[in-house]
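# Please find the sequence and the predicted model below.
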Amino acid sequence: TVTAEEILDDGEVPRLVPRDGLASLSAKLRAKGKRIVSVVGSFDILHSGHLRLLNEARQAGDVLVVGLRSDGAMRLARGSGRPFVPEDQRAEMLLALRAVDYVHIVEEPEAVAFLNALNPHVQVEGAEESQPDAAHRVPKDDGTLDLSAEALRRKLAALASGPFRFFRGTFHLMAWDLME
């Protein structure tokens, strides 16, 4: 069993990197000849579109650093109902993925300070970042299923008003129900 502390720390450098640690992390990685890739996003309800984005981003270099939008930045950008999942839990889930090496929580609405401090070789943009209205779609037998954050929000709102009640720790049940 792996603890949250083990996921967040690899021994040499904490995997959840504070702002003042980004430049030194970048310098250490560059000194080792590593190609640094970054991606910025909310990753609020982690889904297959996110996983594809992160895996593809990781293939663009040796190390993937995710700029995770903070709870406050998300509320500013998307309204008071967001995020659904708190930033510490989103960071923990991201760091449990093989594709993600480091996470930095971006407090500002724009990730300019994060990118300037990290100075990545490659910055990958996901559909939601580059095209706010774009939806992640997953093929199904009868066509496609819209898995955008907005579609998930609408589905969750409809489910919450029905006979279903979701509690902390039932993410898998929510995801399963959303697929039907």
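Now that the structure is in, tell me what you want to look at.
# show me where pLDDT drops low in this structure?
Residue ranges of the chain with pLDDT under 70: 1-13, 126-180.
# Dig out what Pro14 forms beta bridges with.
Judged by DSSP bridges, the bridge partners of Pro14 are Asp9.
# Counting neighbours, what do you get for it?
Counted with other CB atoms under 10 Å, the neighbours of Pro14 add up to 14. From N, CA and C alone the C-beta is placed, and that goes for glycine too.
# wait, doesn't it sit right on Gly21?
Yes - applying CB atoms under 8 Å, one finds Pro14 in contact with Gly21, separated by 7.2 Å.
# in the protein, which spans are helices?
4-8, 22-31, 48-58, 71-78, 87-95, 112-118, 127-130, 149-160, 171-179 (DSSP state H).
# Tell me who's in contact with the residue nearest to Val85 when sequence neighbours are not counted.
Distances taken as CB to CB, 6 or more residues apart in numbering place Asp44 nearest to Val85, at 5.7 Å, with adjacent residues excluded. By CB atoms under 8 Å, 6 or more residues apart in numbering, the contact set of Asp44 is 74, 82-85, 90, 149.
# gap between Asp44 and Asn116?
Distance from Asp44 to Asn116, counting by CB to CB, to the nearest Å: 25 Å.
# what's the nearest residue to Glu107 if we skip its chain neighbours?
Ser70 (4.9 Å).
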